[in-house]
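Novice: predicted model, plus sequence, below.
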Amino acid sequence: MSADNLFDVSRELVLITGVSGQLGSEYARAFLERGARVVGLDARTSPASEALLAEFPEHFGFYPVDVTAKATLEQAASEIAERFGVASVLINNAAIDSPPSAPPEENGPFEDYPEASWDKVIDVNLKGVYLCCQVFGALMAKAGRGSIINVSSIYGVVSPDQSLYEYRRQRGEVFFKPVAYSASKSGILNLTRYLAAYWGKAGVRVNSLTIAGVFNQQEQAFLDAYCGRIPVGRMADKQEYNGAVLFLASPASQYMTGSNLVVDGGWTAI
């Protein structure tokens, strides 16, 4: 294989869940700019995904889906196969978390964390990945090739650092990083290993990508705490994980499966 082809993704059909979000749209653009065809899956469009539809009308498609509902995924798979063919890359990026502005019970003590909140986060972040792998991964295995990239988090590898939120407690709030997001992202790591072993001889590679926080105009007190803890001294810019997904999708990683690629600015190193 020549050096020019090592990272070539121009012949790939890439499915990206959560494509309307901050990172999903960045992943899509990275592949589109390198000649790949991309299909975005999300509950609804956003300005970012609508811009991709306008800019890449021949190479980008969008399908509204609920990743927790297998029937909607199967319907999308049928329509995608008819229009584009069988995907060769699946990026399971869709995820939810309790935002800092959520109601107090969402970000309160573990002892009071609502069961309904646990179910909702696990449904999207873990069940959604399982269902997308089941529907789209099965088609890849039947075709004999594919790369699945399951996006995890530093908080799936290590516990959330609750001291980052001390500034909120000092101003009288009760605030803790909730449990469900961390549990869901940890589950992704072993789901990845299971599928890598299960589909190894079917030509489907399955790897996870563990990422850290992304700058998104967070309040300064949080940024000061976060950046003071991470070795590189800053949050990631939204485009800084593109290289990792391109690598995992390309021939450059063709002997890599069941692995967890950590791109976290050194967070889990300390």
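Specialist: That came through fine. Numbers count the residues shown, from 1 in each chain.
Novice: on the three-state scheme, Asn207 is what?
Specialist: What DSSP: H, G, I helix; E, B strand; the rest coil gives for Asn207 is strand.
Novice: elements contacting the helix or strand hosting Glu26?
Specialist: Applying DSSP states H and E as the criterion places Glu26 in helix 22-32. On a contact count with 3 or more CB pairs under 8 Å, 6 or more residues apart in numbering; DSSP states H and E, helix 22-32 meets strand 13-17, strand 37-42, helix 47-55, strand 89-92, helix 242-249. Yep, even glycine has a C-beta here, placed from its N, CA and C like the rest.
Novice: buried residues, it. List them.
Specialist: Using 16 or more other CB atoms under 10 Å as the test for burial, helix 22-32 gives 23-32.
Novice: CA atoms of it as PDB?
Specialist: Extracted in PDB, the C-alpha atoms of helix 22-32 (Å, rounded to 0.1, in the frame of the first residue of the first chain):
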ATOM      1  CA  GLN A  22     -20.900  19.800  18.000                       C
ATOM      2  CA  LEU A  23     -18.600  16.800  17.300                       C
ATOM      3  CA  GLY A  24     -20.800  14.800  14.900                       C
ATOM      4  CA  SER A  25     -20.900  17.600  12.400                       C
ATOM      5  CA  GLU A  26     -17.100  18.000  12.600                       C
ATOM      6  CA  TYR A  27     -16.600  14.300  12.000                       C
ATOM      7  CA  ALA A  28     -18.900  14.500   9.000                       C
ATOM      8  CA  ARG A  29     -17.100  17.500   7.500                       C
ATOM      9  CA  ALA A  30     -13.700  15.800   7.900                       C
ATOM     10  CA  PHE A  31     -14.800  12.800   5.900                       C
ATOM     11  CA  LEU A  32     -16.700  14.900   3.300                       C
END
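Novice: give me the angle between that helix and strand 13-17.
Specialist: Using axes from the mean of the first three to the mean of the last three CA atoms, to 10 degrees, the direction of helix 22-32 lies 170 degrees away from that of strand 13-17.
Novice: can we start the residue count at 40 from this point?
Specialist: Will do, 40 is the new start, and the previous item becomes helix 61-71.
Novice: gap between helix 61-71 and the chain center?
Specialist: Mean C-alpha position of helix 61-71 versus that of the full chain (CA atoms, centre = their mean, to the nearest Å) differs by 11 Å.
Novice: how about stretch 214-224?
Specialist: With CA atoms, centre = their mean, you get 16 Å for stretch 214-224.
Novice: can you tell me what sits against it?
Specialist: 134-137, 139, 145-149, 152, 156-157, 159-161, 163-165, 191-192, 194-195, 198-201, 203-204, 207-208 (CB atoms under 8 Å, 6 or more residues apart in numbering).
Novice: my guess is Glu118 contacts Tyr102, does it?
Specialist: Yes - if you go by CB atoms under 8 Å, Glu118 and Tyr102 touch, sitting 6.7 Å apart.
Novice: please say which of the two ends up with more neighbours.
Specialist: A count of neighbours by other CB atoms under 10 Å puts Tyr102 above the other of Glu118 and Tyr102, at 18 against 13.
Novice: now that one: closest residue in space, sequence neighbours ignored.
Specialist: In space, and not counting its chain neighbours, Tyr102 is closest to Ala115: 4.4 Å by CB to CB, 6 or more residues apart in numbering.
Novice: try Arg273
Specialist: That would be Cys266: by CB to CB, 6+ apart, it lies 5.3 Å from Arg273.
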